[in-house]
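[1] next comes the sequence, and after it the predicted model I'd like to discuss.
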Amino acid sequence: MSETLTIDHLGAQGDGVAVTPSGPVYVPFALPGEVVEAQLRKGRAVKTELRQAALERAKPVCRHFGDCGGCAVQHLEGETYLAWKRDKVVRALEARSVKAEVGATLACPPKTRRRVTFTARRLGSEILLGFNAAQTHRIVAIEECPVATPGIVAALEDLRQLAKAVAATPKPFQLTVTETRTGLDVAAAGSGRLGEKQRRAVIDLALQKGFARLSADGEIIVEGRKPIVMFGAVPVAIPPAGFLQATADAEEAMAALVSEHLGGCKHVADLFAGSGTFALRLAQNARVYAAEGDAIALAALEIAARQWPALKPVTAEKRDLFHRPLLAKELAQFDGLVFDPPRAGADFQCRQIARSSVKRVAAVSCNPGTLARDLAILLEGGYRVSSVTPIDQFLWSPHVEAVVLLEKMPKRR
């Protein structure tokens, strides 16, 4: 039996939400103000039919939208879409009673996503390569992707051949593709153990197609050229499947905000430093201490710093900041600090920062919820938020990045 639903607002994952007497109903690809006819199953609409469209409805730019689960909101007009992203940050801060003015969302252009993770699976003599349909394990084979860089899209057929060659299991596996200055870096995960004959065939194919590197579950299978990305003016040979901001544009925007805020600092700490996204830029003007738990990522940072003599001294330490955060007394030597943790945030580390005397802090996060929690800790410790900038790094997805700049307020006498 069908029901008529009026959409009240967009949910956190991009579904339209209808408010009903029995609770909220989530309606995929519906927008606020729209009227839909739908069958309901466990609080979710299925077999929907649009009866009245919203003025904010836009024509999706990809033929796979609605089937492929990679994008959630291609059907939402641009300015409204950016406001929705900003509102996610606003609501997260309000939930933690963090009072701060949130700026406009910095937009992400199409065709700029330099790192894409595909799902692949061998089916007999064929191979599927694409993205999972929303809330399923079904793979939607793609022929285009308006989010990914043209270099990745142009290589889709070559990537299918490589996925077929590397598949040593009938189970689905991941293929992470990164466009670098020296070519595509491909990292397979869960593709199965390669036999010697299969390994030789994979190596030959990767070299023939001109891939910079191919790795499988962290093991480098073949590396024709080291995959290089630029962190500011510094070239860095990134490790296989190591952390990298998804788009170069977003990375530059984040780095510009952080660098300007910490511009007058003499000694800066970069916590959760990765391969040096911020550290190597900040080292152009300040001494930098970089802490990171991933030894391979940290090694890439150290090598890049040594090979670029124009930088100020960079000291790197392998340190699990979740279990061994820098203590307030250790932080006393720094006048500036940036932290960019995983989605879980950095609550233990923030408790130490809150107790410290570090004058300027930049917080970078891909999770508004944990960011708000961490900011509440810092504000309790005497910091003041000077700006909040949402950044749309993950185009047409529910995810939003944010950079928050803070200053330590002087204690009242």
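    Received the coordinates, thanks. Residues are numbered from 1 along each chain as shown.

[2] can you pull the contacts of residue 348?
    321, 322, 325 (Cβ atoms under 8 Å, 6 or more residues apart in numbering). No exception for glycine: its C-beta is placed from N, CA and C like everyone else's.

[3] list the contacts for the first one?
    Residue 321 sits next to 271, 272, 291, 293, 341, 346, 348, 349 when contact means Cβ under 8 Å, 6+ apart.

[4] wait, doesn't the fourth one sit right on residue 320?
    Yes: applying Cβ atoms under 8 Å as the test, residue 293 and residue 320 come out as touching, 4.5 Å apart.

[5] flag every buried residue along stretch 67-86.
    Neighbour-count burial for stretch 67-86 flags 68-76, 80-82, 84-86 (criterion: 16 or more other Cβ atoms under 10 Å).

[6] and the helices in this structure?
    Secondary structure of the chain by DSSP state H: the helices cover 78-95, 150-154, 156-166, 196-209, 248-261, 279-282, 295-306, 328-331, 347-355, 368-380.

[7] tell me which of those sits most buried.
    Highest mean neighbour count among these (mean count of other Cβ atoms under 10 Å): helix 279-282, with a mean of 28.

[8] residues near residue 103, how many?
    As a burial measure, residue 103 scores 15 neighbours (other Cβ atoms under 10 Å).

[9] make TSV out of the helices of the chain and add mean pLDDT and distance to residue 139.
    Shown next, in TSV, are the helices of the chain (pLDDT from 0 to 100; distance: least, Cβ to Cβ, whole Å):
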stretch	mean pLDDT	distance to residue 139
helix 78-95	97	27
helix 150-154	98	17
helix 156-166	97	11
helix 196-209	97	21
helix 248-261	98	27
helix 279-282	98	37
helix 295-306	97	29
helix 328-331	98	47
helix 347-355	98	37
helix 368-380	98	30
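
[10] could those go into TSV alongside distance to residue 390?
    What follows is those, written out as TSV (distance: least, Cβ to Cβ, whole Å):
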stretch	distance to residue 390
helix 78-95	5
helix 150-154	25
helix 156-166	31
helix 196-209	38
helix 248-261	11
helix 279-282	21
helix 295-306	26
helix 328-331	27
helix 347-355	20
helix 368-380	8
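
[11] looking at these, which is nearest to residue 140?
    helix 156-166 (13.1 Å; Cβ to Cβ).

[12] quick one: residues in contact with the closest one.
    Against helix 156-166 from outside (Cβ under 8 Å, 6+ apart): 118, 120, 122, 126-127, 129, 142-143, 175, 177, 186, 188, 191, 194, 198, 201-202, 205-206, 209, 211, 214, 216, 221.

[13] and for stretch 40-57?
    2-5, 7, 18, 23-39, 75-77, 80.

[14] out of these, which are inside strands?
    2-5, 18, 23-27, 35-39 (DSSP state E).

[15] and which of these is nearest to residue 169?
    For those, the nearest to residue 169 is residue 26 (34.0 Å; Cβ to Cβ).

[16] how about that closest one, what does it touch?
    With the criterion set at Cβ under 8 Å, 6+ apart, residue 26 makes contact with 11, 15, 16, 17, 43, 44, 45.

[17] show me the domain layout of the protein.
    2-57, 82-109+244-408, 115-228 (automatic domain parsing).

[18] so which of these is the most surrounded?
    domain 82-109+244-408 (a mean of 20).

[19] that one: end-to-end distance?
    30 Å (Cα to Cα, to the nearest Å).

[20] where does pLDDT dip in the protein?
    412-413 (pLDDT under 70).

[21] try 50 this time
    Counting by pLDDT under 50, the chain contains no low-confidence range.

[22] list the contacts of the residue lying closest to residue 391 once chain neighbours are set aside.
    In this structure, residue 391 finds its nearest non-sequential neighbour in residue 401, 4.2 Å apart by Cβ to Cβ, 6 or more residues apart in numbering. Residues near residue 401 by Cβ under 8 Å, 6+ apart: 250, 254, 364, 365, 366, 390, 391, 392, 393, 394.

[23] cool, and residue 325?
    Here residue 325 is in contact with 346, 348, 349, 351, 352 (Cβ under 8 Å, 6+ apart).

[24] any idea how far the closest residue to it other than its chain neighbours is from residue 286?
    Setting aside the residues directly before and after it, residue 325 is nearest to residue 349 in space (Cβ to Cβ, 6+ apart), at 4.0 Å. Distance of residue 349 to residue 286, given as Cβ to Cβ, to the nearest Å: 20 Å.

[25] can you check residue 370 too?
    On the measure of Cβ to Cβ, residue 370 and residue 286 end up 27 Å apart.

[26] and what of residue 32?
    46 Å.

[27] repeat that for residue 75.
    45 Å.

[28] how about the spatially closest residue to residue 60 that is not a sequence neighbour, what does it touch?
    Nearest residue to residue 60, sequence neighbours excluded (Cβ to Cβ, 6+ apart): residue 74, at 4.0 Å. Taking Cβ under 8 Å, 6+ apart as the contact definition, residue 74 lies against 58, 60, 61, 62, 65, 396.

[29] among the residues you listed, which pair sits farthest apart?
    58 and 62 (12.1 Å).

[30] name the residue in those two with the higher neighbour count.
    residue 62 (19 against 15).

[31] measure residue 57 to residue 142 for me?
    23 Å.

[32] looking at it, residue 308 is touching residue 236, isn't it?
    No: checked against Cβ under 8 Å, the pair residue 308 and residue 236 is beyond contact range at 9.3 Å.

[33] of the ones in strands among the contacts of stretch 40-57, closest to residue 135?
    With Cβ to Cβ as the yardstick, the closest approach to residue 135 among the ones in strands among the contacts of stretch 40-57 comes from residue 26, at 10.4 Å.
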